[in-house]
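Sequence and predicted structure below; questions after.
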Amino acid sequence: MIDWLQHTTPGLLTLAVVSIAVLLLLIIKFKVEPFIALIVVALLVALAAGVPTETLVGSAQKASDSLLEKGFGSILGHIAAIIGLGTLLGAILEASGGAQVLMDKLMNAFGEKRAPVAIGLAGLIFGVPVFFDIGIFVLAPLVYVAAKRSGKSIVLFSMPLLAGLSVMHAFMPPHPGPVAAAGLLKVSLGWIIIMGLAVAIPSWFVGGVLYSYWIGKRINVPVPEEMLVAAEAAREDNGDREPPSLGLVLSIIGLPLVLILAGTFGSILLQKGSRPYSIATFFGTPAVALTISVLLAFWLLGFRRGMTREKIAELSGASLRPVAMILLVVGAGGFFGAVLAATGIGKTLAGELSDLGLPVIALAYVISCVIRIAQGSATVAIVTTAGIVAPVLGDMNYSQPQLALVVMAIASGSIIASHVNDGGFWIVSRYFGLSVKETLQSWTVLETILSVVGFVVAALLSLVV
């Protein structure tokens with residue numbers, strides 16, 4: 001039995017299926033923290049597959065070459081600084097009133113009749129540096145006021161905003177999911193940005209504009225009075241502070257993206273070893289680009305506008321606390337992927353896919369969808385799926401754009417069918433006063449549309465790159 005499990009194709013595939021089933025069981029049934037569940041399952045899979053103990057955990061004298069430390073270290077070394085810096089950038093933009101400025105300018109430009117589109121664009125732009133839930137906390141009061149003024153359903157105004165925030169969180173750096181997947185699949189973040197925009201914008205238009213206008217006319221939910229009180233309080237809190245200019249807000253949001261893209265294209269177009277090549281590579285390194293943007297944000301949006309050092313330090317500390325659990329999950333996912341590669345399960349899967357003719361991009365999407373629907377967390381779905389498919393991609397000689405599109409397929413699957421096991425479902429329900437039924441009819445369907453359109457766009461692009 002052990003020999004069959006370790007050395008035959010059916011045995012290794014059985015091991016892969018059982019490992020995912022046990023992982024989901026631990027997370028869903030027994031409520032084990034995802035990062036602990038990933039470590040436990042990875043250890044069990046390695047032992048069941050016959051990986052030597054020294055290879056798996058090293059020895060008392062030296063553990064640096066072990067799968068455990070390499071699995072954690074290789075991915076965290078790539079993403080920890082990026083996620084931390086991105087979090088700080090979002091925090092200072094939020095605290096400075098940048099969201100209010102962006103929303104006001106867009107509302108003035110589009111007018112009241114197209115206010116839902118303006119709100120959706122605000123979510124799309126502000127969603128680049130800001131986490132999904134923080135974006136809701138900051139922008140929801142502006143949705144309440146717009147819905148009250150128009151006298152229309154809050155669904156009409158909230159869904160475009162949620163679509164913008166959701167696609168940016170799913171597809172664009174510096175958010176944890178795409179950054180983690182890029183690290184596991186060894187993709188340049190420049191290509192992730194290019195493909196992320198190519199997938200996110202059509203998805204947002206179909207879900208955040210077309211579907212949102214349709215569903216907004218069919219679910220009539222007025223703005224609760226207590227939400228309007230909260231919105232007015234938020235306005236009063238920022239009323240005595242001079243808001244930053246729109247150009248400054250957009251420049252700080254866009255600067256790291258421009259630098260990273262310059263580094264990506266510089267590595268292609270410039271002569272390797274030349275001074276321009278070195279400059280483009282240095283400033284286009286994601287950690288360097290984000291550090292520059294964060295320092296500028298601290299100075300231009302913080303110190304120059306009256307924030308004290310103590311306030312900046314408090315803001316930084318508070319924003320970074322939630323990052324710890326994300327990094328632990330991603331690190332454990334890196335270990336899980338390293339184990340799957342070492343056991344030979346990845347090559348076995350690659351062989352089976354080759355025989356079936358099933359594209360890797362489709363497999364990645366399906367696996368991500370299943371894990372997302374089963375356990376609710378988009379980050380866990382992305383990290384687990386990337387760990388599974390990374391060994392499959394090892395011998396396929398995919399180009400950087402093709403690998404980036406596989407990341408997009410994984411990210412698309414990670415947002416499908418948000419329901420009661422997803423924390424985001426309850427945030428949406430609470431902040432916009434929707435019943436469970438109304439949230440399922442609007443938010444859950446919206447997420448599914450964003451997921452399907454995202455995958456379709458990624459799959460079509462994969463045919464031409």
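Received, thanks.

Using neighbour counts, pick out the buried residues of the host helix or strand of residue 15.
In this structure, residue 15 sits in helix 9-28 according to DSSP states H and E. By neighbour count on 16 or more other C-beta atoms under 10 Å, the buried set for helix 9-28 is 11-12, 15-16, 19-20, 23-24, 26-27. The C-beta positions use only the backbone N, C-alpha and C, and glycine is treated the same way.

just stretch 292-302 next, same as before
By neighbour count with 16+ other C-beta under 10 Å, stretch 292-302 contains the buried residues 293-294, 296-298, 300-302.

Throw these into JSON lines and include distance to residue 417 and pLDDT, thanks.
Below are the buried residues of stretch 292-302 laid out as JSON lines (distance: C-beta to C-beta, whole Å; pLDDT from 0 to 100):
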{"residue": "293", "distance to residue 417": "34", "pLDDT": "96"}
{"residue": "294", "distance to residue 417": "35", "pLDDT": "96"}
{"residue": "296", "distance to residue 417": "39", "pLDDT": "96"}
{"residue": "297", "distance to residue 417": "36", "pLDDT": "95"}
{"residue": "298", "distance to residue 417": "39", "pLDDT": "95"}
{"residue": "300", "distance to residue 417": "41", "pLDDT": "95"}
{"residue": "301", "distance to residue 417": "37", "pLDDT": "92"}
{"residue": "302", "distance to residue 417": "40", "pLDDT": "91"}
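
quick one, phi psi at the residue nearest to residue 86 when sequence neighbours are not counted?
Closest residue in space to residue 86, ignoring its immediate chain neighbours: residue 174 at 2.7 Å, by C-beta to C-beta, 6 or more residues apart in numbering. The phi and psi values for residue 174, taken as degrees, to the nearest 10, are phi -90, psi 30.

Which strands or helices does the helix holding residue 15 pack on?
Helices and strands touching helix 9-28, by 3 or more C-beta pairs under 8 Å, 6 or more residues apart in numbering; DSSP states H and E, are helix 2-7, helix 34-48, helix 323-343, helix 345-356, helix 360-375, helix 378-393.

what's the angle between the third one and helix 34-48?
If I follow you right, that is helix 323-343. With axes from the mean of the first three to the mean of the last three C-alpha atoms, to 10 degrees applied, the angle from helix 323-343 to helix 34-48 works out at 10 degrees.

next one: the last one
An angle of 30 degrees separates the directions of helix 378-393 and helix 34-48 when computed by the same axes, to 10 degrees.

Pull the distance from helix 378-393 to the chain's centre.
13 Å (C-alpha atoms, centre = their mean, to the nearest Å).

The first one too?
Here helix 2-7 is found 37 Å from its chain centre; the criterion is C-alpha atoms, centre = their mean.

and the next element down the chain from the helix or strand bottoming out on mean pLDDT in the chain?
The helix or strand of the chain with the poorest confidence is helix 225-237; it has a mean of 62 (mean pLDDT, DSSP states H and E). Going down the chain from helix 225-237, the next helix or strand is helix 246-269, by DSSP H and E.

export the very next helix or strand once past that following helix as PDB, just CAs?
As assigned by DSSP H and E, the chain's next helix or strand after helix 246-269 is helix 275-284. Included here for helix 275-284 are C-alpha records, laid out as PDB according to Å, rounded to 0.1, in the frame of the first residue of the first chain:
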ATOM      1  CA  ARG A 275      23.600  52.200 -16.500                       C
ATOM      2  CA  PRO A 276      20.000  52.800 -17.700                       C
ATOM      3  CA  TYR A 277      19.300  49.100 -17.200                       C
ATOM      4  CA  SER A 278      20.700  49.200 -13.700                       C
ATOM      5  CA  ILE A 279      18.700  52.300 -12.800                       C
ATOM      6  CA  ALA A 280      15.400  50.900 -14.200                       C
ATOM      7  CA  THR A 281      16.000  47.600 -12.400                       C
ATOM      8  CA  PHE A 282      16.700  49.300  -9.100                       C
ATOM      9  CA  PHE A 283      13.800  51.700  -9.100                       C
ATOM     10  CA  GLY A 284      11.500  49.100 -10.700                       C
END
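
looking just at contacts, which helices and strands does helix 275-284 meet?
For helix 275-284, the packing partners by 3+ C-beta pairs under 8 Å, 6+ apart are helix 246-269, helix 286-297.

Mind checking these for the one nearest to residue 451?
Distance to residue 451, taken as C-beta to C-beta, is lowest for helix 246-269 among the helices and strands packed on helix 275-284, at 23.6 Å.

Quick check: mean pLDDT of the top helix by length along the chain?
Scanning the chain for the helix with the most residues, using DSSP state H, yields helix 67-95. Across helix 67-95, pLDDT averages out at 90.

could you say what helices and strands it packs with?
Using 3+ C-beta pairs under 8 Å, 6+ apart, the elements in contact with helix 67-95 are helix 53-57, helix 132-150, helix 176-185, helix 246-269, helix 286-297, helix 309-320, helix 323-343.

With adjacent residues omitted, what lies nearest to residue 172?
Among residues not flanking residue 172 along the chain, residue 196 sits closest, at 4.4 Å (C-beta to C-beta, 6+ apart).

any idea of the mean pLDDT for the helix or strand encompassing the one you found?
Here residue 196 sits within helix 189-204, counting by DSSP H and E. The average pLDDT within helix 189-204 is 97.

elements contacting it?
Partner elements for helix 189-204 (3+ C-beta pairs under 8 Å, 6+ apart): helix 115-126, helix 154-171, helix 176-185, helix 246-269, helix 400-413, helix 445-462.

so which of those helices is the most packed in?
Mean neighbours per residue, mean count of other C-beta atoms under 10 Å, is largest over those for helix 154-171, with a mean of 29.

Mind listing what's buried along stretch 123-143?
For stretch 123-143, a neighbour-count test (16+ other C-beta under 10 Å) marks 123-136, 138-143 as buried.

Repeat that for stretch 182-195.
182-185, 187-195.

Relative to residue 270, how far out is residue 55?
The gap separating residue 55 from residue 270 is 41 Å, by C-beta to C-beta, to the nearest Å.

Show me which of those two is the more surrounded one.
Legend: neighbour count by other C-beta atoms under 10 Å for residue 55 and residue 270, higher for residue 270 (16 against 13).

Tell me the pLDDT of the closest residue to residue 458 other than its chain neighbours.
Distances taken as C-beta to C-beta, 6+ apart place residue 408 nearest to residue 458, at 4.0 Å, with adjacent residues excluded. pLDDT recorded at residue 408 is 98.

shouldn't residue 408 be in contact with residue 171?
Yes - between residue 408 and residue 171 there is a contact at 6.3 Å, judged by C-beta atoms under 8 Å.

who touches both of those two?
Common neighbours of residue 408 and residue 171, counting by C-beta atoms under 8 Å, 6 or more residues apart in numbering, are 195-196, 199, 454.
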